[in-house]
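**Q** please find the sequence and the predicted model below.
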Amino acid sequence: MPPRILVVDDEQHIREGIGEFFRGEGYAVSLAEDGNQGLAAVRGGDIDVVITDLRMPGMSGETLIEEALKINTGMPIIVLTAHGSVENAVECMRKGAYEYRTKPVDLKELALLVQRALSVRALEKENENLHIQLQNRFGLTNIVGHSPEMERVFDQVRTVAPTKANVLITGESGTGKELIANAVHLLSERARHPFVKVHCSALAPGLLESELFGHEKGAFTGASRLHRGRFELANQGTLFLDEIGEIDAAIQVKLLRVLQEKKFERVGGEETISVDVRLVTATNRDLYRMVQEGTFREDLYYRLKVVHIHVPPIRERRSDIPLLVTSFLKEFCRENGTMEKKIDRRAMAALEQYRWGGNVREMKNLMENLVVMSKGPVIQYADLPEYIRDEKQPDTITLPAGKKLEEYEKEIILANLAWVNGNKSRAAEVLGIGRKTLHRKLEEYGYSVSE
């Protein structure tokens, strides 16, 4: 179907002349002799571009523009004006008109302007569709969970996303904190601007400072060119700092200043750079305890924790396990080009009882393995790993009253290490701490790391 142009002008020869020209160019054309007729045509919903005069009896072109854009905010409107009303045309552009041309109009130039307007509008629609697809892929619709615990999380995300508040997301490793951060961004007014991610524990303090704030050429050995930091790249958008509990004291000070003043300098630079960035952070550590221990600044903690969203581990939302399992099975069957597989009741019951120390990440990896390695259309109990089929370690421990906090910590660490049969990487995941931290704790308790 050809694009439809609406020509609005009270002068019949101009109106019909423009209409005849565009029909000859292959467009569908509607004509209106005043603003009221033009607005009625716009309400019909089939108009792609409006070409309108400004000075007409009844409803003026200015009013037509305002009312038409209320109906279709993205519709291109081209204003035709006499030399004496150019200022009025410019004012119309401030109100949303696409462009203006003075009378008498060059029809070939007008045709090029219409083509350009349609191309811009098509690109805008494509971006709008892409934005909807991104919301469907990374927004709340992509996060599986119907349990009351997850509904509470979803409600928090919907409430905080449209605001400017900083968000702190907590939860064990593998619970999906990054997905929640994505949802906060995509449901906010910043969704059309960058979502920039930094994993703080993956970089040494010096490198992290340069990564966050950038550096000038020659700031240090190897700095061969100017480097824009993540704060600059995230301007007008959202910066997501994962594992925020791992940053050192110097970075904490610089981060606090950016949050307070929205300004910073690159490493080795003197120019002060202003940014407008929303900060979303995540951690599997207890930041409040770190504040009490003096390893995390209290003022920074409260700046980050304007809104706190806690993502519960799988063992606290077991009613979501069948949903998650089914979702991952469908995903990996589709990715691997295999027939859709189901899971039998006994196997599902075992998965529901399992503790899922690695949470959603662990479950996702297991489901991919089962899709690839199981041979039949139904995943059986025997297809499950032995550690799920035959958990020999108890899943509870008893902590008597009257002990110091450090003693409880030791019992919890050793019990969880025994529960995972001495696998230190898995124990660190279950405990929500880094492997280096676990090694240090074991050495404090008098164990060598190799034991």
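**A** Right, received. Where do you want to start? Numbering: from 1, shown residues only.

**Q** could you use CA atoms for every contact and neighbour count after this?
**A** Will do.

**Q** need the contact list for Ala347.
**A** By Cα atoms under 8 Å, 6 or more residues apart in numbering, the contact set of Ala347 is Ile379, Gln380, Tyr381, Ala382, Leu384.

**Q** and it, how far from Glu331?
**A** 19 Å (Cα to Cα, to the nearest Å).

**Q** circling back to that earlier point, only the buried subset of the contacts of Ala347, as a PyMOL command please.
**A** Of the contacts of Ala347, the buried ones can be selected in PyMOL as follows, counting by 16 or more other Cα atoms under 10 Å:
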select buried, resi 379+380+381+384
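
**Q** from the contacts of Ala347, which single one is nearest Ala250?
**A** Comparing the contacts of Ala347 against Ala250 with Cα to Cα places Leu384 closest, at 47.2 Å.

**Q** are we agreed that Ser173 is in a strand?
**A** No. With DSSP: H, G, I helix; E, B strand; the rest coil as the criterion, Ser173 is located in coil rather than a strand.

**Q** my read: it touches Asn359, true?
**A** Yes. If you go by Cα atoms under 8 Å, Ser173 and Asn359 touch, sitting 7.1 Å apart.

**Q** so the two - more neighbours on which side?
**A** Ser173 (24 against 20; other Cα atoms under 10 Å).

**Q** quick one: that one from Ile314, how far?
**A** 11 Å.

**Q** hmm, back to that, kindly reformat the contacts of Ala347 as TSV containing secondary structure and distance to His193.
**A** Shown next, in TSV, are the contacts of Ala347 (DSSP: H, G, I helix; E, B strand; the rest coil; distance: Cα to Cα, whole Å):
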residue	secondary structure	distance to His193
Ile379	strand	43
Gln380	coil	46
Tyr381	helix	47
Ala382	helix	48
Leu384	coil	43
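
**Q** looking at the contacts of Ala347, which is nearest Glu270?
**A** Nearest to Glu270 among the contacts of Ala347 is Leu384, at 59.2 Å by Cα to Cα.

**Q** how far away is the closest residue in space to the closest one that isn't next to it in sequence from Ile388?
**A** In this structure, Leu384 finds its nearest non-sequential neighbour in Ala347, 7.2 Å apart by Cα to Cα, 6 or more residues apart in numbering. Noted for Ala347: a distance of 9 Å to Ile388, by Cα to Cα.

**Q** and for Ala82?
**A** From Ala82 to Ile388 the distance is 80 Å (Cα to Cα).

**Q** before we move on, what about Arg4?
**A** For Arg4, the distance to Ile388 - Cα to Cα - is 63 Å.

**Q** then Leu431?
**A** In terms of Cα to Cα, Leu431 sits 19 Å off from Ile388.

**Q** the two: which is more packed in?
**A** Leu431 (20 against 16).

**Q** contact partners for that one?
**A** Taking Cα under 8 Å, 6+ apart, one finds Glu172, Ile413, Asn416 in contact with Leu431.

**Q** quick one: least confident of the residues you listed?
**A** pLDDT across the contacts of Leu431 is lowest for Asn416, at 80.

**Q** looking at it, that one is touching Val430, isn't it?
**A** Yes. Counting by Cα under 8 Å, Asn416 does reach Val430; the two are 7.5 Å apart.

**Q** now do stretch 210-217, average pLDDT.
**A** 90.

**Q** and that stretch, how far from the chain's centre?
**A** 24 Å (Cα atoms, centre = their mean, to the nearest Å).

**Q** what's the end-to-end length of that stretch?
**A** OK, stretch 210-217 end separation, Cα to Cα: 12 Å.

**Q** what does it rub up against?
**A** Residues contacting stretch 210-217 (Cα under 8 Å, 6+ apart): 223-232, 264-269.

**Q** using the three-state scheme, assign Leu168.
**A** strand.

**Q** ditto for Glu335
**A** Secondary structure, three-state DSSP: Glu335 is helix.

**Q** before we move on, back to that, in TSV, list the contacts of Leu431 along with neighbour count and distance to Ala219.
**A** As requested, the contacts of Leu431 are arranged in TSV below (neighbours: other Cα atoms under 10 Å; distance: Cα to Cα, whole Å):
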residue	neighbour count	distance to Ala219
Glu172	23	38
Ile413	19	43
Asn416	24	46
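
**Q** okay if I get these as a markdown table plus distance to Met290?
**A** Below are the contacts of Leu431 laid out as a markdown table (distance: Cα to Cα, whole Å):
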| residue | distance to Met290 |
| --- | --- |
| Glu172 | 16 |
| Ile413 | 18 |
| Asn416 | 22 |
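
**Q** nearest to His439 among these?
**A** Nearest member of those to His439, counting by Cα to Cα, is Ile413, at 10.8 Å.

**Q** list the contacts for Gly432?
**A** Glu172, Ser173, Asn284, Arg285.

**Q** now the last one: how far from Glu243?
**A** Taking Cα to Cα as the measure, Arg285 falls 8 Å from Glu243.

**Q** I appreciate the help and will end here.
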